[in-house]
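# Structure of the sequence below:
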Amino acid sequence: MDMSRVGAGALPPIFSISDDDHGGYAAVAVYTLLLLTVVVVATRLSARYYIGRIIQVDDFLLGGATIAGLVQSVIVQLAISHGLGQRQDIVSTNNLDLFQRYLYVAHILLILTIALSKLSIALLFKSLMSKGVPFYASWSLIGVITAWAVASIVALAVQCSSPHPWDFVDGKCIDQAALFRAIGAINMITDLGLIILPCVVLWGYRYQRRRGVPVAVAFQIHYYNIFTGSHDKTWTAMNASIWDQAVMNISIITTAIPSLGRLAVELQPNVGAFAMTENHGVRIRDKYALSSLANQYPHQFIEQNRLGTHTSVHGSVEAGDTESMEGLVRDGMNQNVVTIQQTIDFKVE
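Numbering: from 1, shown residues only. As a prediction, this is how the structure comes out:
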């Protein structure tokens, strides 16, 4: 950008864009998508801990995917600083070598991040399947994802001849176009498996949150075809890198979203999903605790009167208000739980 056009007192742009340098576009994509991912994952993990009071293996995998994605984004920014998005003829020899090294590492971390996010949501689905064909199908999908990740990382690690396996500009490499197409194709297939499997098991529940990932992968493959066939690698790598970031972050976000539904409902309790429990040994006629989503918690939580978000209602029931208790049915298995079937005139003083 021509600095003479920047007005007095105005700050220069964070990322400069010129006819020969479009690296700023990639940087904007990196930071925007990464910020959104961190916010969503932090919300998901916080919700699982503070509401469910438990952290599962899938949560650790999601956290690992987020950390790997953060490191991958830093590596991409280093690649931008050393030529990504610039015309190759203006990139110095030293920067060109560093650009290739950083992009080489970024590609491997990209596969690791996507694989961890896939395994996280696959394990979440497996926990819903205790037996039968769906159970074995979920394990098979986990096996395919693991095999894809290992094979892809190994292939990317040895894509060019030693001692410089990252030198895809001047080195002797395998057919990179075919390699990226194969990686992308299996990535799409496993994503489709993660969409179809829960729909088959939970008939009538349309799990479509990951449907955007295969679409992003299709664009990613398209721009990698352009990148591998071009002689201006630093320039054409920009669009491919932008779609790398899109695929990676969408994969993490769509893995984190399912558990956020529980948080949304927990924060908005409704009449059809709450229970009344005696609390802390206080007499029934003196105090009740309203608890949303009681049926979503383990039985031991019910017994301990820890049914999610509690709101205390204090008061006494007068003799003339006995009609307000019509329709209250006490659970035979747990004398602390009362279900409201009908209320007529609930009076609180």
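# ok, longest helix in this protein?
The helix spanning the most residues in the chain, taking DSSP state H as the definition, is helix 93-126.
# Enumerate every residue touching the closest residue to residue 57 other than its chain neighbours.
By the measure of C-beta to C-beta, 6 or more residues apart in numbering, the closest residue to residue 57 outside its immediate chain neighbours is residue 123, 5.8 Å from it. From N, CA and C alone the C-beta is placed, and that goes for glycine too. Residues in contact with residue 123, defined by C-beta atoms under 8 Å, 6 or more residues apart in numbering, are 56-58, 61, 142.
# how about 10 Å then?
Residue 123 makes contact with 56-62, 138, 142, according to C-beta atoms under 10 Å, 6 or more residues apart in numbering.
# hang on, the earlier thing: what residues sit buried inside the longest helix of the chain?
Going by neighbour count (16 or more other C-beta atoms under 10 Å), the buried part of helix 93-126 is 95-126.
# quick one, helices of the stretch 151-300 of the chain?
Ranges of helices in the stretch 151-300 of the chain, per DSSP state H, counting those that start in this stretch, are 176-201, 212-228, 233-256, 260-266, 299-303.
# re earlier: between the contacts of residue 123, which is closest to residue 165?
Using C-beta to C-beta, residue 61 is the member of the contacts of residue 123 that lies nearest residue 165, at 27.9 Å.
# so that closest one makes contact with residue 124?
Yes - contact between residue 61 and residue 124 holds when scored by C-beta atoms under 10 Å: they sit 9.3 Å apart.
# can you pull the contacts of residue 167?
Remark: with contacts taken as C-beta under 10 Å, 6+ apart, residue 167 is in contact with 96-97, 100-101, 104, 159-161, 173.
# try 8 Å
By C-beta under 8 Å, 6+ apart, the residues touching residue 167 are 97, 100, 160, 173.
# right, and out of those, which lies closest to residue 23?
Nearest to residue 23 among the contacts of residue 167: residue 100, at 15.2 Å, using C-beta to C-beta.
# List the contacts of the closest one.
Neighbouring residues of residue 100 by C-beta under 8 Å, 6+ apart: 166-169.
# Report the buried members of the residues you listed.
With burial judged by 16+ other C-beta under 10 Å, the buried subset of the contacts of residue 100 is 166-168.
# got TSV for those, with pLDDT and distance to residue 238 too?
Conversion of the buried ones among the contacts of residue 100 to TSV gives the following (pLDDT from 0 to 100; distance: C-beta to C-beta, whole Å):
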residue	pLDDT	distance to residue 238
166	94	18
167	93	19
168	91	15
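# Burial check on the residue nearest to residue 220 when sequence neighbours are not counted, number of neighbours?
The shortest distance from residue 220 to any non-neighbouring residue, by C-beta to C-beta, 6+ apart, is to residue 243 (4.0 Å). Applying other C-beta atoms under 10 Å, we find 20 residues neighbouring residue 243.
# Pretty sure residue 243 sits against residue 215.
No - checked against C-beta atoms under 8 Å, the pair residue 243 and residue 215 is beyond contact range at 10.4 Å.
# For the strand or helix carrying residue 145, buried residues please.
Assigned by DSSP states H and E, residue 145 belongs to helix 132-157. Going by neighbour count (16+ other C-beta under 10 Å), the buried part of helix 132-157 is 134, 137-138, 141-142, 144-145, 148-149, 152-153, 156.
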